[in-house]
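*Asks:* from the sequence below, what's the structure:
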Amino acid sequence: MLPVKYSNHAVAFKNNTSFYMINNNFKHNEDSFINLVDFDKNKVEIYIKNPWTIFIFNKNISDKRTADWKIHISSTIDNHEEVLKIAANYCIKNEINFKFTADLDKFREINGKATNRASHGKFIVLYPPEDSILTVLEDLHYKTKVFEGPYILSDKPYKDSKILFYRYGEFIPIRRVSERGTTETFIKNNENKLVQDMRVPYYRIPEWVEDLNVPIKTEKESLFLSKYKPKEALQFSSSGGIYLVEDQVEKQWIAIEARQYSALDYAGFYAPERLEREKDFLIQLEKTGITPKVSDFILEHGNGYLVEEKIEGKSLRVYTYTKNPLISLERDVSKIKKYYENILDIFNQLIEKIGIIHEHGIAIYDISDANVILEEKEDGSFNVRIIDLEHSMFLDETEELRVDTIGYRSKEKNLVKKDLDKIMLIGMVMIYPINNLYELDETKKIALLEWAQENAPFLLDEYVDILLNHFKTQGLISHRTKSSTKYKGTDLIELTSSILGLFDFSSKEKGYYIPADPHIFNTNPFSISHGIYGILFGIYQTYRNLDEPTPVLLEEISLEVFEREFSSIKNLPRNLLIGSSGIVVYLLKIDLIDEARILYKEVAAHPAPLLNDLFYGKAGLVIMHLYYWMKTKDTKSKEQAKALSDQMIEGDELEYSGLYEGKAGVSLALLLTYVVTGERKYLEESEKILKEVLDMLYTNKIGNLTINRKKKGSGESVESAFLFNGLSGVGMLLISFYRITRNPEHKNYLDKIAKSLEHKIQYFPGLMRGLAGVADFLISYYQLVEEDPEVYESIEGKISTFRLFEVFSEHEGKSLGFPGEQSLKIAHDFYTGSMGIVSVISRWISFINNEKITTSTDIVLSIAEEIIDHQRNKFRNH
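*Replies:* Here you go, the predicted model:
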């Protein structure tokens with residue numbers, strides 16, 4: 001997953017509702033830049049698409065070039081109006097299609113630090129007529145040569161211009177839906193074949209295109225590079241890089257780059273100005289020993305370079321994620337106690353050192369666990385240092401920068417109180433890093449502290465009391481009543497009914513029928529993973545688990561969406577979890593057999609995906625075909641499954657090991673093909689792949705079995721407990737094998753996996769990459785493998801932890817649902833949100849109350865178990 005600040009979640013949570021939304025449609029108003037432009041409405045069509053206002057002239061409507069040379073113009077906060085008037089008047093006079101950011105807020109976004117490096121600074125875009133690029137560039141160069149603006153990294157500057165850039169790229173791209181369900185754009189090459197336009201933060205032209213013959217301005221020598229040798233790039237953003245450098249005597253330093261006119265903030269500062277301020281703050285604080293010492297500061301060619309002390313230590317973020325016993329599952333009591341002693345000391349140091357910084361008239365303003373470096377002492381404790389004062393302020397400044405790290409926002413107006421509030425949030429992260437949840441519901445601060453008092457026995461009371469007292473002074477109240485209440489079936493039915501009641505056909509214009517994860521905006525609103533049919537499946541499963549009659553509305557919605565949107569549904573990718581195959585399975589599940597037959601015919605008539613995995617590829621289709629055969633007795637579907645299985649056996653080896661995008665999913669599909677056909681080659685191949693997966697398991701430092709979710713041979717290692725790409729998914733595969741083969745080696749692995757999934761909490765509560773998926777595996781283990789009392793307690797603990805994540809209405813105390821991935825907003829989809837979680841809880845309640853054995857929550861595993869049960873019963877009856 002991407003870091004949250006670069007993900008769709010960070011974009012989609014910028015609204016005043018409780019749900020993820022992306023608004024690509026907005027209206028012009030009195031502050032829009034279009035008011036600066038004079039034009040004849042009869043000659044031009046004007047379109048709005050976030051963040052652009054687009055001018056298409058009537059005479060150019062027939063121009064269907066997919067790509068050609070285009071021009072980007074940048075500008076500054078001081079000259080943007082003049083630049084726009086000049087460029088727009090030129091384009092209107094010459095009837096050249098163009099677009100520009102719609103208003104000042106959009107201008108700030110496109111010039112902000114969070115903007116993609118390849119897009120940063122692109123204020124105006126021109127699409128010149130064929131073979132006119134040099135004429136247009138020269139004309140505009142003459143008109144704009146006095147202006148300055150940010151350098152556009154993806155382009156080449158025209159002559160000596162500071163705002164005029166060009167590149168070869170998309171005009172009117174051809175759009176195609178990929179096997180992963182996302183829309184991709186293509187251009188045509190010189191052989192009329194489709195290729196993707198590569199958007200990268202450096203100048204690049206396609207191999208079939210000849211570069212423009214434009215004189216290149218000779219670059220001036222760099223004082224910075226003459227004094228320092230870069231050894232490693234540590235980080236990049238639109239404002240520049242952070243580097244490890246060596247000076248001429250080979251001493252190492254940290255160098256921070258600030259590109260001219262980059263990363264505009266709301267106080268009107270650009271990156272070089274902020275960097276110079278940071279230098280001044282650091283010099284003022286040098287004698288405190290809290291912040292890095294400044295070695296050098298260089299301003300050249302408009303860019304800034306701050307060279308500062310390289311602190312030998314680890315970031316607090318790394319320390320928390322690797323040493324927190326709730327994450328690592330550390331069993332050594334002395335190490336657990338040491339962690340909690342250390343974080344109390346770190347916490348107290350932070351409070352003390354922020355106070356010292358305030359005494360110097362400075363507020364850190366934007367502080368998080370990433371700003372804190374720990375220098376280890378001989379006794380295993382730490383000295384706290386604070387880095388990255390880019391957005392710091394003097395206490396007497398009134399114009400705020402309006403910059404915050406997600407998960408560290410504070411409503412405090414006073415700068416001293418704001419800093420202290422953020423130190424308290426760092427304190428919360430050291431208990432468990434779910435700070436994003438506080439963006440959705442501030443009361444979860446108290447909820448986590450109360451949860452930790454019960455679930456982290458060595459967490460020191462002094463530490464918790466400081467935090468509780470701070471947040472209670474802000475008016476936050478206890479959550480104990482809600483969090484300690486055990487789930488009942490009626491709770492789940494009430495929540496599920498309210499989610500079903502959110503269904504609205506008109507909301508499809510917003511990209512969804514019921515609020516879901518932002519991935520829905522990149523794919524489609526119908527899918528099992530994030531769309532309406534996954535939500536409906538979760539509702540269906542919850543009612544079935546609890547032996548309640550399925551709501552009539554569920555079937556009505558299923559049919560109405562199918563009938564209204566069939567033309568869209570049949571053209572989805574063929575895959576199981578983002579595409580149409582999953583909808584076939586859903587229709588079969590709820591006995592809409594005729595509709596399933598209609599859609600299956602469309603799916604079967606198209607080529608199979610090139611990918612082999614379960615989520616997007618052939619493995620998912622194999623399982624769909626086998627389930628269709630089981631429900632309809634259509635022998636052709638069994639043959640389709642065999643053909644695809646044969647292709648997977650001959651296909652490329654997958655780079656991942658996990659269930660959904662890796663080898664484990666292929667192994668499951670081949671195993672089920674064996675179960676249905678009885679042909680041993682499929683069993684042998686599935687066992688061969690299973691062995692490869694099991695070879696990727698290893699014992700970590702504390703003795704737990706784990707798996708690396710990264711690509712084989714990548715050199716990276718990230719442990720995963722999850723259903724999607726981790727230990728729970730491998731465990732589910734092993735349960736299927738164990739039910740068929742009763743191999744004691746499989747049982748041995750399953751026992752170890754169950755013992756290694758003792759986590760009481762995860763970063764997110766969802767099914768795919770969260771707590772619900774782990775709980776669901778343990779329920780399957782408990783029901784189908786062994787009724788281990790320790791596993792029972794582990795499941796009970798996880799089920800009660802869902803109350804920590806559950807969001808309630810402020811006044812009525814009614815459940816509103818659960819946060820999706822990144823925990824910034826409520827999402828009701830099946831794989832990341834409420835309906836996957838509710839289904840898991842209902843499964844456990846059903847077992848506890850009635851000893852009812854239910855299939856796994858996930859739709860793939862559910863139908864896999866149905867297929868196994870069907871074949872076993874068939875042979876038993878025979």
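
*Asks:* pull out the buried residues from the helix ranked longest in the chain.
*Replies:* Criterion DSSP state H: the longest helix present in the chain is helix 333-359. Applying a neighbour-count criterion of 16 or more other CB atoms under 10 Å, one finds 336, 338-340, 342-344, 346-347, 349-351, 353-354, 357-358 buried in helix 333-359. For glycine as for every other residue, the C-beta is placed from the backbone atoms N, C-alpha and C.

*Asks:* hmm, which two among those residues are most spread apart?
*Replies:* The most widely separated members of the buried residues of helix 333-359, counting by CB to CB, are 336 and 358 (33.7 Å).

*Asks:* who's in contact with residue 577?
*Replies:* 527, 528, 529, 614, 615, 616, 620, 660, 831, 859, 860 (CB atoms under 8 Å, 6 or more residues apart in numbering).

*Asks:* can you list the weak-confidence ranges in this structure?
*Replies:* 1-6, 24, 480-484, 875-878 (pLDDT under 70).

*Asks:* hang on, the earlier thing: just among the contacts of residue 577, which is most surrounded?
*Replies:* residue 831 (33 neighbours; other CB atoms under 10 Å).

*Asks:* name the SS class of that one, please.
*Replies:* coil (DSSP: H, G, I helix; E, B strand; the rest coil).

*Asks:* in contact with residue 139, which residues?
*Replies:* Neighbours of residue 139 in contact, by CB under 8 Å, 6+ apart: residue 90.

*Asks:* how about it, phi and psi?
*Replies:* phi -60, psi -50 (degrees, to the nearest 10).

*Asks:* distance of it relative to residue 133?
*Replies:* 11 Å (CB to CB, to the nearest Å).

*Asks:* for the stretch 651-800 of the chain, which segments are assigned as helices?
*Replies:* 663-677, 680-695, 727-741, 744-755, 771-784, 789-805 (DSSP state H, counting those that start in this stretch).

*Asks:* now do the fourth one: distance to the chain's middle.
*Replies:* For helix 744-755, the distance from its own C-alpha centre to the chain's C-alpha centre is 32 Å (CA atoms, centre = their mean, to the nearest Å).

*Asks:* for the chain, which strand is longest?
*Replies:* Looking across the chain with DSSP state E, the single longest strand is strand 229-237.

*Asks:* mind listing what's buried along that one?
*Replies:* residue 237.

*Asks:* the helix or strand just after that strand packs against which elements?
*Replies:* Following strand 229-237 in sequence order, the next helix or strand is strand 240-246 (DSSP states H and E). Contacts defined by 3 or more CB pairs under 8 Å, 6 or more residues apart in numbering; DSSP states H and E place strand 240-246 against strand 229-237, strand 252-258.

*Asks:* any idea how far strand 240-246 is from the middle of the chain?
*Replies:* On CA atoms, centre = their mean, the centre of strand 240-246 falls 27 Å from the chain's centre.

*Asks:* other residues contacting it?
*Replies:* 228-236, 252-259, 262, 271, 303, 307, 310.

*Asks:* how close does residue 848 sit to residue 221?
*Replies:* 74 Å.

*Asks:* which of those two has more residues huddled nearby?
*Replies:* When neighbours are counted by other CB under 10 Å, residue 848 and residue 221 differ, and residue 848 comes out ahead with 15 against 9.

*Asks:* beta partners of residue 45?
*Replies:* Counting by DSSP bridges, residue 45 forms beta bridges with residue 56.

*Asks:* how many neighbours does it have?
*Replies:* 13.

*Asks:* gap between it and residue 88?
*Replies:* 15 Å.

*Asks:* okay, and residue 861 sits in which element?
*Replies:* Per DSSP H and E: helix 859-877 holds residue 861.
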